[in-house]
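Visitor: 3D model of this:
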Amino acid sequence: MKPIKVAVIGVGNCASSLVQGVAYYRSNNSSQGLIHDRIGGYGAGDVDFVMAVDVDARKVGKDISEAIFSAPNCTAVFQEDVANSGTKVMMGRILDGVADHMTNAGDKGFILSDAPEATHEGIVAALRSTGAEVLLNFLPVGSQEATEFYLECALEAGVAVVNCMPVFIASRPEWEARFREKRVPIVGDDIKAQIGATIVHRVLSSLFGARGVNIERTYQLNTGGNTDFMNMLDRQRLGSKKTSKTEAVQSMLAQRLADENIHVGPSDYVPWQKDNKLCFLRLEGTQWGNVPMNLELRLSVEDSPNSAACVLDAIRCCKIALERGEGGALIGPSAYFCKHPPQQFNDDTAAQMVEEYIADAALAAE
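Guide: Here you go, the predicted structure:
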């Protein structure tokens, strides 16, 4: 089977972990760390990165295999040997994709390239000439205009999308309808981690409800030291991120909590944490006889590798949809792999929907 051709918008830590991972599984006959070994006949190494876009001077013009290790990326390096792909990182369109304070942060922030910015026509032409089948949106939180720019390009080029960021596209009816009309599949919005703050918070919330414990208050506090957390120091960029993470938890509660009784979102940037994310969860409730109880949890995880397994599965689900001629939001995969899908389901139900989707693809391939 030919590899799936993927375009990457934003060659940051998440892209680095994904590209490293594809190289890792290509050279190691292992399914360890994967959610699914194969989807539609495609394995973890069956991806080619044929197009890459960024705006940082330290990445533009480099092969993606080199750019993923360039500053300000700081994620774990677990696969140093990444073969040269022949895919040079092209200059993108800035728009609102870079917060002002990120250009005054030295090596930890962005150093904008002085290359001419890409045009709509240029991105569409690149998607078509490279044969890209799936576009990954790894732009920073708060990049509303930039996300819409690239997704307009994807629609025109007929390229499927995995919207990894909390800019609402798949979950907005007017956008989803456009993807459906063009028969272009999309998985979104805002990718979940493999074992991250949101999935753990959702599972614990469901557990409380299933065991008859009434949740009265809860919070999720997150700190990290990568460019994602530095970017989110600009609180004006956080609206959709907080909505995405909060609704992912609220949707699992037997009864919605009042706004003052739930806090979910990033808390602070701690430079020395680099790509390690610390999450502090607390759930307060009442059990038998209205007796109070609470649970506290601390999660420490490398942030960017934590998303890669979900992104890889979403890519392969998009490929299946392309082969079937399907368009619009993929409901099961979006619900399982994303925080803010068009339709929320509990994680067990969403997982079963994905299994059925994959099984249908396997039957069609026989």
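Visitor: all contacts plus neighbour counts: C-alpha atoms, from now on.
Guide: Fine.
Visitor: Mind giving me the packing neighbours of the helix or strand containing residue 186?
Guide: Element membership of residue 186, judged by DSSP states H and E, is strand 185-187. If you count contacts as 3 or more CA pairs under 8 Å, 6 or more residues apart in numbering; DSSP states H and E, strand 185-187 packs onto strand 160-163, helix 305-324, strand 328-329, helix 331-337.
Visitor: ok, which stretches of the stretch 251-366 of the chain are strands?
Guide: Along the stretch 251-366 of the chain, the segments classed as strands by DSSP state E, counting those that start in this stretch run 262-269, 276-286, 292-302, 328-329.
Visitor: The first one to strand 276-286, inter-axis angle?
Guide: Think strand 262-269. 160 degrees (axes from the mean of the first three to the mean of the last three CA atoms, to 10 degrees).
Visitor: Show me which positions of strand 262-269 end up buried.
Guide: Residues of strand 262-269 classed as buried: 262-266, 269 (neighbour count, 16 or more other CA atoms under 10 Å).
Visitor: Kindly report the same for stretch 48-64.
Guide: 48-64.
Visitor: ok, back up a step: now, of the strands of the stretch 251-366 of the chain, which is deepest in the fold?
Guide: Stretch with highest mean neighbour count among those: strand 328-329 (a mean of 28; mean count of other CA atoms under 10 Å).
Visitor: Can you pull out the low-pLDDT segments for this protein?
Guide: For the chain, the stretches flagged by pLDDT under 70 are 361-366.
Visitor: Which residue of it is positioned most peripherally relative to its centre?
Guide: Distance from the C-alpha centroid of the chain, by CA atoms, centre = their mean, peaks at residue 289 (41.9 Å).
Visitor: among the buried residues of strand 262-269, which two are most distant?
Guide: 262 and 269 (21.1 Å; CA to CA).
Visitor: Which residues are in contact with residue 59?
Guide: 11, 67-68, 70, 89 (CA atoms under 8 Å, 6 or more residues apart in numbering).
Visitor: export those to a markdown table and tack on neighbour count and distance to residue 139?
Guide: A markdown table is the format used below for the contacts of residue 59 (neighbours: other CA atoms under 10 Å; distance: CA to CA, whole Å):
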| residue | neighbour count | distance to residue 139 |
| --- | --- | --- |
| 11 | 26 | 9 |
| 67 | 23 | 16 |
| 68 | 28 | 14 |
| 70 | 19 | 17 |
| 89 | 27 | 15 |
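Visitor: Keep only those of the residues you listed that are in strands.
Guide: residue 89 (DSSP state E).
Visitor: Need the max-distance pair from the contacts of residue 59.
Guide: That would be 70 and 89, which, of these, are the farthest apart (CA to CA) at 11.9 Å.
Visitor: Can you show me the strands along the stretch 51-200 of the chain?
Guide: 89-91, 134-137, 160-163, 185-187.
Visitor: Now do the second one: distance to the chain's middle.
Guide: Strand 134-137 has its average C-alpha position 10 Å from the chain's average C-alpha position, going by CA atoms, centre = their mean, to the nearest Å.
Visitor: and what of stretch 154-171?
Guide: 11 Å.
Visitor: Return it as CSV; C-alpha atoms alone will do.
Guide: Below are the C-alpha coordinates for stretch 154-171, written out as CSV (Å, rounded to 0.1, in the frame of the first residue of the first chain):
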residue,chain,number,x,y,z
ALA,A,154,-7.7,22.5,2.1
LEU,A,155,-11.3,22.8,0.9
GLU,A,156,-10.2,24.2,-2.5
ALA,A,157,-7.6,21.5,-2.9
GLY,A,158,-9.9,18.7,-1.7
VAL,A,159,-7.5,17.7,1.1
ALA,A,160,-8.8,16.0,4.3
VAL,A,161,-8.1,17.7,7.6
VAL,A,162,-7.2,16.8,11.1
ASN,A,163,-7.9,19.9,13.1
CYS,A,164,-5.6,19.4,16.2
MET,A,165,-6.2,22.9,17.6
PRO,A,166,-9.1,24.5,19.5
VAL,A,167,-10.4,26.7,16.6
PHE,A,168,-13.9,25.3,16.0
ILE,A,169,-14.3,24.1,12.4
ALA,A,170,-15.6,20.5,12.4
SER,A,171,-17.9,21.5,15.3
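Visitor: returning to that earlier point: now the residue farthest from the centre of the chain: how far from residue 14?
Guide: Distance of residue 289 to residue 14, given as CA to CA, to the nearest Å: 47 Å.
Visitor: Over to residue 152?
Guide: Plainly put, residue 152 is 22 Å away from residue 14 if you go by CA to CA.
Visitor: Of those two, give the one with the bigger neighbour count.
Guide: Comparing residue 152 with residue 14 by other CA atoms under 10 Å, the one with more neighbours is residue 14, at 25 against 18.
Visitor: tell me which element the more buried one falls in.
Guide: For residue 14, the element it lies in under DSSP H and E is helix 13-27.
Visitor: you'd agree residue 190 is up against residue 165?
Guide: Yes. The pair residue 190 and residue 165 passes the contact test of CA atoms under 8 Å, sitting 4.3 Å apart.
Visitor: Thanks a lot, see you next time.
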